[in-house]
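**Student:** Sequence plus the predicted model coming up.
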Amino acid sequence: MPAPGLVLGGILGLQGGAALTTRLYPAVGPAGVVTLRLAVAALALTALWRPRIRGDRATLVVAAAAGTLLAVHHLAYYEAVARLPLGAATTLEFLGPLAVALCGSRRAPDLLWAGLAATGVLLLGGSGTALDTTGVVCATVAGCCWGGYILVGKRLAEGVPDGRGLALAVAWGALLSLPYGITQAGTRLLDPGILAVAAAVAVLSSVLPYTVQLEALRRLTPRVFGVLTSMEPAIGALIGLLLLGQHLAAPQWAGVAAVGLAAVGATRTEASADAIPAVTEPLGEGGGDTGPAGRIASGR
């Protein structure tokens, strides 16, 4: 599958899982949802890839950094979703990938597409109603963590050729989130009905999306990956409308169109540009991609 298709599939899974988690909030709260999601995902990925605890020190450090960013992102994002409409929370979260897209830019068309995506985000977030302040702060923190994960995840994807690095990162993130989940939900985390929904959420919004997005990061620069994820606010708004009954105003639908156009334009610009391979240092035994997909935005 082309890399943009992998990114799109990952976004669909993430937003579909976020909508599904609304059924769990009354029982276990946002922190409980995050703990269950990451724990189930860690078990599945560890069973699939069987990562080694002992290994190259640099790989372990990058995996731990990625896992920490995932844990903080999840905790902040689900706290935001519990307080804001799904489209608004996802719109604010997109500020992180947008910053990556802008900072990694080298050409005028790149700034054009990133600017169009930013305009779409502003239109999509302009609901005309007051938003919960705590929710806005949490969504912004989630965006910062997601932008950091794009950069760290790129390094992890280049250093480990399969899913072992992702399995280590998610397992570490699950351990970090465990105290918060237990504090908020207690023994309700072990309820069979809750575990069944959590397992579906983990597969839909963690195992599948992070696997395909890590593969996409092997083929794309962080800048293009960041702009492609500009589709996430639009998809979040659509899923919020279809599954949760959250309606959009006309300017917000214009924002949906703007971010979609920005994603298409960024992809076409990258495909038509002359790519200059850059040698990257491998992490561990897997080696790195030294082609166009292996380029890393400077200044990381």
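**Tutor:** Cool, got the structure. Numbering: from 1, shown residues only.
**Student:** from here on, contacts and neighbour counts on C-alpha atoms
**Tutor:** Noted.
**Student:** Please name every helix or strand in contact with the helix or strand of the chain with the lowest mean pLDDT.
**Tutor:** Here the helix or strand of the chain ranked lowest by mean pLDDT, DSSP states H and E is helix 250-272, holding a mean of 72. In terms of contacts (3 or more Cα pairs under 8 Å, 6 or more residues apart in numbering; DSSP states H and E), helix 250-272 is packed against helix 108-125, helix 222-228, helix 231-244.
**Student:** Just the angle for that helix relative to helix 108-125, thanks.
**Tutor:** 160 degrees (axes from the mean of the first three to the mean of the last three Cα atoms, to 10 degrees).
**Student:** quick one: buried residues of helix 250-272?
**Tutor:** 251-263, 265-267, 270 (16 or more other Cα atoms under 10 Å).
**Student:** Just the residues contacting it, thanks.
**Tutor:** 4, 109-110, 113-114, 116-127, 224, 227-231, 233-234 (Cα atoms under 8 Å, 6 or more residues apart in numbering).
**Student:** residue ranges with poor pLDDT in the stretch 1-150 of the chain?
**Tutor:** 53-55, 104-106, 124-130 (pLDDT under 70).
**Student:** my read: V201 touches T21, true?
**Tutor:** Yes. The criterion here is Cα atoms under 8 Å, and V201 meets it with T21 at 6.9 Å.
**Student:** More neighbours: which of those two?
**Tutor:** Higher neighbour count among V201 and T21: V201, with 28 against 25, using other Cα atoms under 10 Å.
**Student:** Helices of the chain, residue ranges please.
**Tutor:** 3-20, 25-49, 57-81, 86-93, 95-103, 108-125, 133-159, 164-185, 192-202, 208-219, 222-228, 231-244, 250-272 (DSSP state H).
**Student:** Now do the longest one against helix 57-81, angle only.
**Tutor:** Taking the same axes, to 10 degrees, one finds that helix 133-159 is oriented at 150 degrees with respect to helix 57-81.
**Student:** Same check on the first one?
**Tutor:** Relative orientation of helix 3-20 versus helix 57-81 (the same axes, to 10 degrees): 50 degrees.
**Student:** Quick check: buried residues in helix 3-20?
**Tutor:** 3-4, 6-8, 10-20.
**Student:** re the thing from before, output the least confident helix or strand of the chain as CSV, nothing but the C-alphas.
**Tutor:** The C-alpha trace of helix 250-272 is given here as CSV (Å, rounded to 0.1, in the frame of the first residue of the first chain):
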residue,chain,number,x,y,z
ALA,A,250,-20.5,25.5,7.0
PRO,A,251,-17.1,27.1,7.8
GLN,A,252,-16.0,23.8,9.5
TRP,A,253,-16.9,21.8,6.4
ALA,A,254,-14.7,24.3,4.5
GLY,A,255,-11.9,23.4,6.9
VAL,A,256,-12.5,19.7,6.2
ALA,A,257,-11.9,20.4,2.5
ALA,A,258,-8.9,22.6,3.1
VAL,A,259,-7.0,20.0,5.2
GLY,A,260,-7.8,17.3,2.6
LEU,A,261,-6.5,19.5,-0.2
ALA,A,262,-3.3,20.3,1.8
ALA,A,263,-2.7,16.5,2.3
VAL,A,264,-3.1,15.8,-1.4
GLY,A,265,-0.9,18.8,-2.4
ALA,A,266,1.9,17.9,0.0
THR,A,267,2.0,14.3,-1.3
ARG,A,268,2.1,15.5,-5.0
THR,A,269,4.8,18.0,-4.2
GLU,A,270,7.0,15.4,-2.5
ALA,A,271,6.6,12.9,-5.3
SER,A,272,7.6,15.5,-8.0
